[in-house]
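Asker: Pasted the sequence and its predicted model underneath.
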Amino acid sequence: MAEYRSVVRSITFVTLSALLVLATAGCDEPAPTGGGTTPSAPAATSTAPSPTGADHRKACADIDGAIRTAQAKVAEAEAIGPPAGHFAVSAAYYAGAAAVDAQVASASGPVADAGAKVADAMTAIGDKYTDAQSRPDKAPLDAAIARFRTACG
């Protein structure tokens, strides 16, 4: 009987994770279309944001937006309650970690490092939620978010 429950939990977790990923995959804003008929020459740009420049601020805002979105999704999933809610919360943390990682790719330096630590903390909590009888400690995630916001200034 215990093996059956384990299999059902695994299937439920995978299904909820897949549904959450699919649901959030279509949330990207459409790319703006160019109005001109001639292609413009690509501008030379730096891939690393400067510590105080517009790229830095944009990277911070994008990562912070991904963190806030993940926190909202986690709050919605927590409202479901255990035991199904634990799988939904876990899936929300995994999706949030993936979204933060996607935004970290456009950052560099301390912001990228701090953002990666936030994603790692989200993944760790997601791992703990799958087997949790109670809510796992969120202090490491809160500390990682605080370090990220400090890195952004």
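Answerer: On my side now, so go ahead.
Asker: Could you use CA atoms for every contact and neighbour count after this?
Answerer: Will do.
Asker: Can you tell me what sits against whichever strand or helix holds residue 68?
Answerer: Element membership for residue 68 (DSSP states H and E) is helix 54-78. With Cα atoms under 8 Å, 6 or more residues apart in numbering as the test, helix 54-78 has contacts from 48-50, 85-86, 88-89, 92-93, 95-97, 99-100, 103-104, 106-107, 111, 115, 149, 152.
Asker: Mark which of those are part of strands, please.
Answerer: Using DSSP state E, no member of the contacts of helix 54-78 falls in strands.
Asker: ranges for the helices of the protein?
Answerer: 2-25, 54-78, 84-104, 109-129, 139-152 (DSSP state H).
Asker: so of the ones you listed, which one's packed in deepest?
Answerer: When you average the neighbours per residue for each of the helices of the chain (mean count of other Cα atoms under 10 Å), helix 84-104 leads with a mean of 25.
Asker: residues in contact with that one?
Answerer: Contacts of helix 84-104 (Cα under 8 Å, 6+ apart): 12-13, 16-17, 20-21, 59, 62-63, 66-67, 69-71, 73-75, 77-80, 111-112, 115-116, 118-120, 122-123, 125-130, 132.
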